[in-house]
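Colleague: generate a structure from the sequence data that follows.
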Amino acid sequence: MSQTLTLRRPDDWHLHLRDGAMLRAVLPETTRHFARAIIMPNLVPPVVTAADARAYRDRILAALPTGATFTPLMTLYLTEDTDPADVAAAQASGLVHAVKLYPAGATTNSASGVKDFDKVRPVLEKMAEIGLPLCVHGEVTDADIDIFDREAVFIDRVLDPIRRATPGLRVVMEHITTSNAVDYARAQDDTLGATITTHHLVINRNHILAGGIKPHYYCLPVAKRETHRLALREAATSGAARFFLGTDSAPHTDANKLLPCGCAGCFTAPNTLSILAQVFEEDGALQNLEAFTSLNGPAFYGLPPNDDTLTLAKTGASYPDHIITDDGPVTVFDPGFPLDWAVT
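Modeller: Numbers count the residues shown, from 1 in each chain. You can find the predicted model right below:
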């Protein structure tokens, strides 16, 4: 008989759905397995106001597959002109569940992000007052900082000063990629959480660069040394409450990934749960998979875990290598090894 594992239905605490044709094509890949997701606001133009978030949520709901049960948890894109009152009203209405901080120029569609952190201090203080989490893309963008060091420098120069200056502010360190971030997260109180992606548990920088450039493994923050990948795996599989799944599944068409200046992002929504089951089994931690995928995130965001369940069976799994969208094909992340676990 095959081995099975039943979990509370998972949530994704960091997801890119894009818009238009891409939204319609990729949304079913998430709703098949996930009940809720924190939706990233870095559209063009970005989702800055409550009105923007409401309109985007309506487009997502209109694109849901027939019969799907899925709740998009909306976020606002923090700019230097963000109105604290608008943020508070958006949270009070139940529409918005977090605000996203992009340092200007750090990643895809981040040009409207923050350059002068003093200018967003009133917003951060209002968020601390009302308990609304700040999700941070944790990289500095200074030209003199090596790309592999940008996360560690961000912690020292930006994140820690923000948290010290704004007591009580709830912060999610998103898609952490270094042992520095793991160590920092573990040393903090319960106002700090950290998401870890599927792909950063699987690849290191050699996978991107050794033996030829692999554009479909290029993401931001970029994958780091093997020692950092192992630190992430230990954190994710530990069951520790401050670590939870945020896939950062980020679809781009193959044409845009393969440009001379290709887009950053790995599209992991279709096969994330199969990959995670394999990782946790390899590390002898299947008993902690539910905490990482289904319990720790809701607890941090003050939401109940999902009532329904999802079952994986060790029967072998296969996924298409790409999905078709009206904008062109999107390659599905290849973990580089056969997958033993399938969602039944």
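Colleague: any idea how far V182 lies from K224?
Modeller: 11 Å (CB to CB, to the nearest Å). No exception for glycine: its C-beta is placed from N, CA and C like everyone else's.
Colleague: which helix or which strand is home to V26?
Modeller: Element membership of V26 [criterion: DSSP states H and E] is helix 20-31.
Colleague: for the nearest residue to A285 once chain neighbours are set aside, grab the count of nearby residues.
Modeller: Nearest non-adjacent residue to A285, counting by CB to CB, 6 or more residues apart in numbering: T237, 3.7 Å away. Neighbourhood size, T237 [other CB atoms under 10 Å]: 25.
Colleague: and T237, what does it touch?
Modeller: 279-280, 283, 285, 288, 292 (CB atoms under 8 Å, 6 or more residues apart in numbering).
Colleague: now with 10 Å?
Modeller: By CB atoms under 10 Å, 6 or more residues apart in numbering, T237 lies in contact with 196, 201, 243, 276, 279-289, 291-292.
Colleague: could I get the phi/psi values of it?
Modeller: Phi and psi for T237, reported as degrees, to the nearest 10, are phi -80, psi 0.
Colleague: tell me how far it lies from L289.
Modeller: 8 Å.
Colleague: do the same with P270
Modeller: Taking CB to CB, one finds P270 at 18 Å from L289.
Colleague: then T247?
Modeller: Taking CB to CB, one finds T247 at 14 Å from L289.
Colleague: looking at those two, which has the bigger crowd around it?
Modeller: T247 (30 against 24).
Colleague: might you list the low-confidence residue ranges for the stretch 1-150 of the chain?
Modeller: Applying pLDDT under 70 to the stretch 1-150 of the chain flags the ranges 1-2, 109.
Colleague: one more pass at 90, please.
Modeller: Scanning the stretch 1-150 of the chain for pLDDT under 90 picks out the ranges 1-2, 103-113, 115, 117.
Colleague: helix, strand or coil for F337?
Modeller: coil (DSSP: H, G, I helix; E, B strand; the rest coil).
Colleague: neighbours of it, just the number please.
Modeller: F337 has 10 nearby residues by other CB under 10 Å.
Colleague: again, but for A111
Modeller: Neighbour tally, A111, other CB under 10 Å: 12.
Colleague: before we move on, what about the one 5 residues further on?
Modeller: D116 is flanked by 9 other residues according to other CB under 10 Å.
Colleague: for it, which non-adjacent residue is spatially closest?
Modeller: E80 (6.3 Å).
Colleague: please apply the same query to R233.
Modeller: L201 (5.4 Å).
Colleague: please, where are all the helices along the stretch 1-150 of the chain?
Modeller: 20-31, 50-62, 84-92, 121-130, 150-154 (DSSP state H, counting those that start in this stretch).
Colleague: closest to D189 out of these?
Modeller: With CB to CB as the measure, helix 121-130 is the member of the helices of the stretch 1-150 of the chain nearest D189 (13.3 Å).
Colleague: run through who's touching the closest one.
Modeller: 76, 78-88, 91-92, 98-99, 101, 114, 117, 120, 132-134, 162-163, 165-171, 191.
Colleague: can you flag the buried ones in those residues?
Modeller: Buried members of these, scored by 16 or more other CB atoms under 10 Å, are 76, 78-79, 82-84, 86-88, 91, 98-99, 101, 114, 117, 120, 132-134, 162-163, 166, 169-171, 191.
Colleague: what's the end-to-end length of stretch 5-20?
Modeller: For stretch 5-20, the first-to-last residue distance is 36 Å (CA to CA, to the nearest Å).
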